[in-house]
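In: Sharing a model prediction with you, sequence too.
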Amino acid sequence: MSTDAIVILRDDHKEIRKLFREFEKAGHDAHATKGRLVKKIIEALTVHTYLENECMYPEVRELLPDLEDDILESYEEHHVADVLVMELAAMKPDDERFTAKTTVLIENVDHHIDEEEQEWFPKVREELGRKRLQEIGARMIELRKKAPTAPQQPGALKKAVHAMTA
């Protein structure tokens, strides 16, 4: 397994997109299949965004201040995905808007992945180089071991924010 941070994130992207395609191929009335896939999507996205938010983005933000706007946009895209994930986690697969909400999540995350892979990753690779990306990747591998696999509930999130600002 590579410890290159970008390779790790791209591998996550491939797995997430594979789950997206499986969801899209599931039949209209395949509630059980869609429910199982959404649980996997939520877990994969929760872990992935945790790694980016807690490791990759802060490192890049510190080392490459020119990418500040890209990173801030990525944080906001993660926020939108987090809201959708929290709402989906509280829904049942046969809820009227379950498929529609999942489709919106897929569209948003696909856009985010495209931007990262086509615009952001090449800049980061060029500026940071292989050694630094391997160092960041090694930290990400360690962080993955304690990454949450389910979205934070709003109450827990409020408490965490309050604790950080108190």
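Out: Thanks, I have it. If you're wondering where the values come from, they're calculated on a predicted model, not measured in any experiment.

In: in stretch 106-113, what's buried?
Out: By neighbour count on 16 or more other Cβ atoms under 10 Å, the buried set for stretch 106-113 is Ile106, Val109, His112, Ile113. Just so you know, the C-beta spots here come from the backbone N, C-alpha and C atoms, and that holds for glycine as well.

In: quick one: which of these is nearest Thr46?
Out: Taking Cβ to Cβ as the measure, Thr46 sits nearest to Val109 out of the buried residues of stretch 106-113, at 12.1 Å.

In: In space, what's closest to the residue nearest the centre of the chain - neighbours in sequence excluded?
Out: Here the mean C-alpha position of the chain is nearest to the C-alpha of Thr49 (Cα atoms, centre = their mean), at a distance of 3.3 Å. Closest residue to Thr49 apart from its sequence neighbours, by Cβ to Cβ, 6 or more residues apart in numbering: His78 at 4.9 Å.

In: Which parts of the helix or strand containing the one you found count as buried, going by neighbours?
Out: For His78, the host element (DSSP states H and E) is helix 68-89. Using 16+ other Cβ under 10 Å as the burial criterion, the residues of helix 68-89 that qualify are Asp70, Ile71, Ser74, Glu77, His78, Ala81, Asp82, Leu84, Val85, Met86, Leu88.

In: I appreciate the help and will end here.
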